[in-house]
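Enquirer: mind folding the following:
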Amino acid sequence: MFRSNHANLMPQSFLRVCLCALCAVGLFGVPRCIAQTSDEPSISQQVDNLKQAIGKTQGELEESQRQLDVLRRQLAALEQRMQRPASNPSSANDPNTSSSSVQVQQNLAQAVSDIQEQQSLQEAQITTHEQTKVESESKYPVKVTGLILFNSFINTGAVDIPSTPTIAIPGSGSTGASIRQTVLGLDAAGPHLFGARSSADLRIDFEGTTPANSVAVYSGPYASAGLLRLRTAHAALTWDSTMAYFSLDRPIISPDAPTSLTAVAQLALAWSGNLWTWNPQFGITHDVSLGQKRTFRLQAALIDTGSAPQTPVAASATVGIISPTASEQSRWPGIEASLALYGSGDHEAGNHIGVGGYFSKHDLASHNFDAWAATFNTRFHLDKGFQISGSAYRGAALGGLGGGGYKDYVAWEIGTTGNYFFKALDDVGGWAQLKKVFNPRWEANAAYGVDNVFSNELRQSMTPGAGPYQSLARNSTYTGNFIFSPSAYLLFSVEYRHINSAPIVGASASSNIIGMGAGYKF
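Expert: Okay, here's the model as predicted:
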């Protein structure tokens with residue numbers, strides 16, 4: 001009985017042990033095998049990737065080593081070529097070999113110097129860009145910019161304004177200095193609107209009219225009666241190829257200006273062929289791509305043209321009320337348009353050739369007249385750092401744009417009736433400049449400009465005792481300067497100008513102006 005029970009128990013115990021072992025294998029052995037099987041492709045793939053990376057790195061090292069070997073051979077050949085005159089007496093006496101070696105050394109030294117100058121300039125520019133920007137209340141970035149500018153001058157003859165002359169008058173010269181041409185500005189970037197980027201900027205200076213300088217040579221409704229003066233302002237929405245804007249700036253028919261560091265408040269060649277005056281405008285610009293290297297630009301704008309500085313404006317009968325300008329009294333804005341073909345690169349400094357047109361109605365108390373202009377402008381970069389630019393115009397009543405000898409119209413009495421005949425003063429002029437950029441730090445500029453009203457029209461309106469502006473028939477200026485920029489924020493310049501102003505009656509007056517400028521940009 002005992003054996004029988006024991007025999008019955010052993011198979012059951014053995015069966016239980018086997019079942020437990022199978023469960024253990026099922027729970028632990030199978031997943032581990034499955035995991036090992038699933039991990040094997042991943043490890044193999046990692047090994048392959050590592051082999052590929054090592055192979056790629058080895059190839060790059062071999063290519064770098066090959067380039068180093070080439071450079072070593074070139075350097076060794078250059079050293080042998082430079083040392084050959086010293087080791088070979090016959091070649092040392094050879095003028096061709098000697099001059100070739102000297103030329104190689106000079107070229108190498110010049111190349112190293114240019115690279116060092118470019119690196120220094122780039123480092124200064126990077127340092128400037130890394131500075132902390134001003135934050136506006138709207139939380140959009142605002143950048144403070146400016147040019148603290150010191151100018152000294154020597155005038156050999158009398159001029160209208162000693163520190164910023166535009167015409168010459170009979171009399172003795174003057175010497176002095178000024179920092180009123182200092183410019184302050186704000187640049188702001190705003191939110192996106194209608195899929196366009198918004199931006200704005202503002203510039204002011206300290207060349208406003210003072211009691212000691214009461215001649216309002218700056219045309220426009222923003223001519224200041226105090227020291228501070230609004231120069232330019234812009235606000236724009238910019239899409240990929242279109243920009244809508246309003247601004248206070250030079251007319252779009254005269255987009256370029258000569259380069260100068262001593263003529264900033266009154267721009268270089270102002271009233272001598274440069275239509276520069278700042279007037280309110282509202283316009284649109286559209287660029288049509290003609291390939292990778294050319295762009296056709298179309299511009300149109302409405303403009304509120306200010307009165308010419310020396311054109312009489314009827315005084316208001318009410319004290320304290322400012323009379324509207326002649327263009328504002330017409331109740332129609334002026335219009336202007338420009339068509340230009342641009343080359344590759346930045347539109348502000350690249351090659352271009354363009355034409356423009358301007359028209360504005362003017363109303364006076366007893367006479368109406370039209371102002372108009374047709375313009376041509378161009379800028380081309382030539383070989384060896386040369387650049388040529390210029391502009392030309394033909395029109396009438398251009399005193400509000402910076403031409404016409406400060407005048408819009410002329411008037412003369414018809415017999416002795418007390419009635420006067422008014423006529424918009426015809427005008428022709430322009431300027432041209434040749435620039436030479438020696439390197440990123442040095443440049444030289446030479447320019448000439450002339451503004452010429454029609455003498456037969458001006459002669460009929462002349463009266464005895466007319467001032468230098470009213471009698472001015474032709475004003476020309478030629479100038480030359482050197483500008484040195486040792487860093488991104490320092491500027492130094494020496495400039496020479498010769499102004500010749502011819503009245504309708506009498507001898508011409510001239511003056512030589514020697515100016516020096518020192519500026520700090522920020």
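Enquirer: what's the nearest residue to D249 if we skip its chain neighbours?
Expert: Nearest in space to D249, with sequence neighbours left out and distances taken as Cβ to Cβ, 6 or more residues apart in numbering, is T232 at 4.9 Å. Bear in mind the C-beta positions are built from the backbone N, C-alpha and C, glycine included.
Enquirer: mind giving me the packing neighbours of the helix or strand containing the one you found?
Expert: In this structure, T232 is located in strand 229-238 according to DSSP states H and E. Packing partners of strand 229-238 (3 or more Cβ pairs under 8 Å, 6 or more residues apart in numbering; DSSP states H and E): strand 196-205, strand 242-249.
Enquirer: just give me how far the last one sits from the chain centre.
Expert: Read that as strand 242-249. Here strand 242-249 is found 15 Å from its chain centre; the criterion is Cα atoms, centre = their mean, to the nearest Å.
Enquirer: list the pairing partners of it within its sheet, with orientation.
Expert: Neighbouring strands of strand 242-249 in its sheet, by DSSP bridges, are strand 229-238 (antiparallel), strand 279-289 (antiparallel).
Enquirer: and those: which comes nearest N351?
Expert: Closest to N351 of the strands paired with strand 242-249, according to Cβ to Cβ: strand 279-289, at 14.8 Å.
Enquirer: still on that earlier bit, columns mean pLDDT on top of the strands paired with strand 242-249, output as a markdown table?
Expert: Listed next are the strands paired with strand 242-249 as a markdown table, based on pLDDT from 0 to 100:
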| stretch | mean pLDDT |
| --- | --- |
| strand 229-238 | 96 |
| strand 279-289 | 96 |
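Enquirer: need the ones you listed in CSV (columns: mean neighbour count and distance to Q80).
Expert: Below are those laid out as CSV (neighbours: other Cβ atoms under 10 Å; distance: least, Cβ to Cβ, whole Å):
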stretch, mean neighbour count, distance to Q80
strand 229-238, 17, 57
strand 279-289, 17, 52
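Enquirer: among those, which is nearest Q65?
Expert: Evaluated with Cβ to Cβ, these place strand 279-289 nearest to Q65, the distance being 44.4 Å.
Enquirer: what's that closest one in contact with?
Expert: For strand 279-289, contacts defined as Cβ atoms under 8 Å, 6 or more residues apart in numbering pick out 219-221, 241-249, 251-252, 295-306, 336, 342, 400-401.
Enquirer: put the buried members of these into a ChimeraX selection.
Expert: Under the burial definition 16 or more other Cβ atoms under 10 Å, those of the contacts of strand 279-289 that qualify are selected in ChimeraX by:
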select :219,220,243,244,245,246,247,248,249,251,252,295,297,299,301,303,304,305,306,336,342,400,401
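Enquirer: now G350. Nearest residue, chain neighbours left out?
Expert: Using Cβ to Cβ, 6+ apart, the nearest residue to G350 is G343, at 5.3 Å.
Enquirer: the one you found reaches Q292, doesn't it?
Expert: No - counting by Cβ atoms under 8 Å, G343 stays clear of Q292, with 10.6 Å between them.
Enquirer: ok, those two, which is more surrounded?
Expert: G343 (15 against 7; other Cβ atoms under 10 Å).
Enquirer: please give me every residue in contact with that one.
Expert: Applying Cβ under 8 Å, 6+ apart to G343 gives the contacts 293-294, 350-352.
Enquirer: which pLDDT does the model give E443?
Expert: For E443, the model assigns a pLDDT of 98.
Enquirer: so what secondary structure elements neighbour the host helix or strand of it?
Expert: Element membership for E443, per DSSP H and E: strand 442-453. Applying 3+ Cβ pairs under 8 Å, 6+ apart, we find strand 442-453 packed against strand 426-439, strand 472-487.
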